[in-house]
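**Q** The amino acid sequence is not available; the structure is as follows:
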């Protein structure tokens, strides 16, 4: 069947680095199963599609949970495959909360979830999406490892490598750096709304240190200072909310528009001002100019979500367009949960979780982009 021939060609490209043909065969079986098995994507149901052998579920479980294959090279190939079909516009970083029962799943813990206002028992994944005009495609994952899972029997039982036990901010920075280093032609801005999940200042400092263009959501009261090159970096920080245009601030200038560009109907305006972070980074001779902006969400012009970016010369509409990509990642996560088994991983190992998430991402990208032949404007298939 031609459709499955295409899946085979796709998985052959993604898993070419695997030395054993048996591993490549099970990778193909898992992706094919995710694409065609209705309902819950359990190991047993996926294996049944690949083989009627009674040992097939055990072999597929071994491939996902126990086999030591590296998932980062697969993600590298997935990004390249997707970029050959649709043009990346940004890397969008978002939290993915996976509710869990019990305390055996790797990294499970109780956590307050800001957007729901509830505390749940869950795993927390951080996903990096390739944002394109055809949709959001997850192309990199990191499982948050709470402190209690970083040592002793819990870490050993879950097979969490010591090299992977870092702060969440550092793990995300490592992931982004690896992605851009392995795909230098895909250098696009990083858009991150991780407020409530990680330290925004550490993330901003890390992205700036890597030389990345970024837009990072920040909380109210985030310490910022007015930009003042002559006086240097002020000693006294000023709360972010006071830096939006008001009676004490210079009048906000309308952002320039590209020649021939027309405003997008219904798009909120943005208020913005140049600022800097209090406290100089080592080796800084001058403060780094940053741009604080908030989308105008209400008819009265009240400020919405606060964002900080080093794209100080871009039109306001362009900045707002970047931030609008972030909410669509939630829609993609819903699709991954409903149709691609995002929450159906049954194992308890750290490598197994990343194997499953990588294969789910591959199946999703294939379902949306397999028919795209390098056209930047390819449209996603209907859900």
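**A** Looks like it arrived, so ask away. Note that this is a predicted model, so its numbers are computed, not measured. Numbering: from 1, shown residues only.

**Q** What segments of the stretch 151-300 of the chain are helices?
**A** In the stretch 151-300 of the chain, the segments counted as helices under DSSP state H, counting those that start in this stretch are 152-157, 168-182, 200-209.

**Q** Which neighbouring elements make contact with the first one?
**A** Using 3 or more Cβ pairs under 8 Å, 6 or more residues apart in numbering; DSSP states H and E, no helix or strand is in contact with helix 152-157. In this view, the C-beta of every residue, glycine as well, is placed from N, C-alpha and C.

**Q** shift numbering so it begins at 57
**A** Happy to do that; since the first residue is 57 now, the last one works out to helix 208-213.

**Q** In that helix, which of the residues would be classed as buried?
**A** Neighbour-count burial for helix 208-213 flags 210, 211 (criterion: 16 or more other Cβ atoms under 10 Å).

**Q** I'd like the average pLDDT over that helix.
**A** Average pLDDT, helix 208-213: 91.

**Q** and if you look at stretch 421-437?
**A** Averaged across stretch 421-437, the pLDDT comes to 61.

**Q** Including distance to residue 421, could the helices of the stretch 207-356 of the chain go into CSV?
**A** Rendered in CSV, the data for the helices of the stretch 207-356 of the chain read as follows (distance: least, Cβ to Cβ, whole Å):
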stretch, distance to residue 421
helix 208-213, 32
helix 224-238, 15
helix 256-265, 25
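
**Q** The ones you listed: which one's closest to residue 70?
**A** Judged by Cβ to Cβ, the one of the helices of the stretch 207-356 of the chain that comes nearest to residue 70 is helix 224-238, at 14.0 Å.

**Q** what's in contact with that closest one?
**A** By Cβ atoms under 8 Å, 6 or more residues apart in numbering, the list of residues contacting helix 224-238 from outside reads 128, 131-132, 135, 147, 149, 182, 184, 195-196, 198, 200, 220, 222, 242-243, 246, 248, 250, 253-255, 258-259, 262-263, 266, 268.

**Q** Could you name the helices and strands sitting against the longest strand along the chain?
**A** The residue-count maximum for a strand in the chain (DSSP state E) belongs to strand 174-188. Here strand 174-188 touches helix 128-139, strand 144-155, strand 165-169, strand 191-199, helix 224-238, helix 372-395, helix 406-425, going by 3+ Cβ pairs under 8 Å, 6+ apart.

**Q** Sheet partners, orientation included, of it?
**A** Strand 174-188 has the following sheet partners, assigned by DSSP bridges: strand 144-155 (antiparallel), strand 165-169 (antiparallel), strand 191-199 (antiparallel).

**Q** quick check: mean pLDDT across the last one?
**A** In this case it means strand 191-199. Here strand 191-199 scores 95 as its mean pLDDT.

**Q** Pick out the shakiest of the helices and strands packed on strand 174-188, pLDDT-wise.
**A** helix 224-238 (a mean of 82).

**Q** Tell me the buried residues in it?
**A** Going by 16+ other Cβ under 10 Å, helix 224-238 has these buried residues: 224, 225, 227, 228, 229, 231, 232, 235, 236.

**Q** ok, those residues vs residue 189, which is closest?
**A** When the buried residues of helix 224-238 are ranked by distance to residue 189 (Cβ to Cβ), residue 235 comes first, at 19.6 Å.

**Q** show me the residues around the closest residue to residue 164 other than its chain neighbours that make contact.
**A** Nearest residue to residue 164, sequence neighbours excluded (Cβ to Cβ, 6 or more residues apart in numbering): residue 156, at 4.8 Å. Residue 156 makes contacts with 164, 177, 178, 179, as judged by Cβ under 8 Å, 6+ apart.
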